[in-house]
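Undergrad: here are the coordinates; sequence isn't available:
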């Protein structure tokens, strides 16, 4: 596809359930980011991959959150034993180096809206 | 640590009027600055970015922003609002080193009144 895709678009989980959120980045994009966007807030950084390597996971709120990108393409964000405070939109972004501006442009997917009951 | 502050969580303008969305940044190193737009149930789309090449940055859909170091500001403007501009706008900052870990503001919802 032409853009970043995420699935599912909506997920309802009961408190305590495990969930897995998928991100398909733009083909060839080396960098992949996960963000959490709570209602009425801006996105907050969770974690970053360069190819299959997870170089920064400083934003993951607890050890219940785990992300992987085993083949350097598709990524999965897993949340174990979900809590109500995990309810948010989870955004994935991928980027490609821009040699001219020396900065990456992040392209965002539509997000997965997680509701924990 | 870097951060951005967006003044005004909601802004209303009449169709055809000037759009001004305010953003102030804090960064210990020369920053990269971004404006993103988010339409309902969609992901964020980049409007424009500042990377130190020019202080006045032109983006898509007629938007532009001016980097003012003395004021630590990066306000977003558009001369004439269209109904289709109604959305939420996020200012964001990243430092100039390494990968682009982006810190977002809390967003400003723009309402365009016909």
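TA: Happy to help now that I have it. All values derive from a computational prediction rather than experimental measurement.

Undergrad: most centrally placed residue in chain B?
TA: Nearest residue to the geometric centre of chain B (CA atoms, centre = their mean): residue B:35, 3.3 Å.

Undergrad: so how many other residues sit close to residue A:116?
TA: 19 (other CB atoms under 10 Å in any protein chain shown). (Each C-beta comes from the backbone N, C-alpha and C, glycine too.)

Undergrad: Tell me how far the residue nearest to the centre of chain B lies from residue A:106.
TA: The gap separating residue B:35 from residue A:106 is 13 Å, by CB to CB, to the nearest Å.

Undergrad: Does chain A have contacts with the helix or strand harbouring the residue nearest to the centre of chain B?
TA: Per DSSP states H and E, residue B:35 falls inside strand B:31-38. Yes - contact of strand B:31-38 with chain A (CB under 8 Å from any CB of the partner chain) involves B:32, B:36.

Undergrad: need the residues of chain B near chain A, please.
TA: B:9, B:32, B:36, B:41-46, B:49, B:51, B:53, B:90, B:92, B:94, B:96, B:99-107.

Undergrad: Which ones among the residues you listed map onto strands?
TA: B:32, B:36, B:44-46, B:49, B:90, B:92, B:94, B:103-104 (DSSP state E).

Undergrad: mind listing what residue B:64 touches?
TA: Neighbouring residues of residue B:64 by CB atoms under 8 Å, 6 or more residues apart in numbering or on different chains: B:48, B:56-58, B:76-78.

Undergrad: Mind checking which of the residues you listed are in strands?
TA: Going by DSSP E, the strands hold B:48, B:56-58, B:76-78 from these.

Undergrad: Out of those, who's the most crowded?
TA: residue B:76 (24 neighbours).

Undergrad: hang on, isn't it packed against residue B:63?
TA: Yes - if you go by CB atoms under 8 Å, residue B:76 and residue B:63 touch, sitting 5.9 Å apart.

Undergrad: what is in contact with the two at once?
TA: Common neighbours of residue B:76 and residue B:63 (criterion: CB under 8 Å, 6+ apart): B:19, B:35, B:47-48.

Undergrad: okay, now residue 3: neighbour count?
TA: The chain I'm using is chain A. Residue A:3 has 13 neighbouring residues, counting by other CB under 10 Å.

Undergrad: try chain B instead
TA: Residues lying near residue B:3 (other CB under 10 Å) number 12.

Undergrad: wait, it sits on residue B:92?
TA: No - if you go by CB under 8 Å, residue B:3 and residue B:92 don't touch, sitting 10.2 Å apart.

Undergrad: hey, what's in contact with both of the two?
TA: residue B:103.

Undergrad: Up against chain B, what does chain A have?
TA: A:4, A:31, A:33, A:35, A:40-45, A:48, A:50, A:55-56, A:91, A:93, A:95, A:101-111.

Undergrad: Where does pLDDT dip in chain A?
TA: A:1, A:97-104 (pLDDT under 70).

Undergrad: hmm, try it at 90
TA: A:1-2, A:28-30, A:39-41, A:95-107 (pLDDT under 90).

Undergrad: what's the single longest strand in it?
TA: strand A:88-96.

Undergrad: Could you check the angle it makes with strand B:31-38?
TA: 120 degrees (axes from the mean of the first three to the mean of the last three CA atoms, to 10 degrees).
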